[in-house]
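1. Compute the structure for the input listed below.
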Amino acid sequence: MGVLDLVSVVAEVITWIAFGLGFACLLVAVILRLVDGTWLPTDAVVVDGESGHSTVRWFAGGEFQQRHLSAEERAHVTVPDEQPMFYRRRTPDRLRFERVRPIRRVFATLTLVLLGIGVVATLVQVIITLLG
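-> Here you go, the predicted model:
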């Protein structure tokens, strides 16, 4: 068994593993996307109360909405007069600071990386086959 044969076998193993894990991550990313729903941008206004509690108010679903902010959430507010936030399309009374959850980004990135490795390993196999 020559060096090219060994590289071809290793590339094939890497191809199968990378594509298998990549498609598994893709499936998880799609499920997370479906469960999370669609979040639309809105400008929210943060009002600091006298007792130290903060309330956020926004317009969505044809009416004004409001909810209290935790101290941790209030720490993330940069512009209280026009804080960009996101509300859920089907339930406009839900609000959050980011459109996409970090776990969705992780699985989307893992999918791209693993599928990219699988493509590169496949190309290595094809090149070795053409050379041999």
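2. Strands along this structure, start to end?
-> For the chain, the strands defined by DSSP state E occupy 39-48, 54-60, 63-69, 83-88, 95-96.
3. ranking those by burial, who's on top?
-> Comparing the strands of the chain by mean neighbour count (mean count of other CB atoms under 10 Å), strand 83-88 comes out on top with a mean of 19. Heads up, the C-betas are built off the backbone N, CA and C, glycines and all.
4. Run the angle between that one and strand 63-69 for me.
-> Per axes from the mean of the first three to the mean of the last three CA atoms, to 10 degrees, the angle that strand 83-88 makes with strand 63-69 is 110 degrees.
5. Now the strands of the chain in a markdown table, please, with extra columns for mean pLDDT and distance to Val30.
-> Formatted as a markdown table, these follow (pLDDT from 0 to 100; distance: least, CB to CB, whole Å):
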| stretch | mean pLDDT | distance to Val30 |
| --- | --- | --- |
| strand 39-48 | 88 | 17 |
| strand 54-60 | 88 | 26 |
| strand 63-69 | 88 | 29 |
| strand 83-88 | 87 | 18 |
| strand 95-96 | 87 | 21 |
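6. Among those, which comes closest to Pro102?
-> strand 95-96 (11.6 Å; CB to CB).
7. Give the other helices and strands that the worst-scoring helix or strand of the chain on mean pLDDT contacts.
-> Sorted by mean pLDDT, DSSP states H and E, the helices and strands of the chain end with helix 71-75, the least confident at a mean of 82. Applying 3 or more CB pairs under 8 Å, 6 or more residues apart in numbering; DSSP states H and E, one finds that helix 71-75 makes contact with no other helix or strand.
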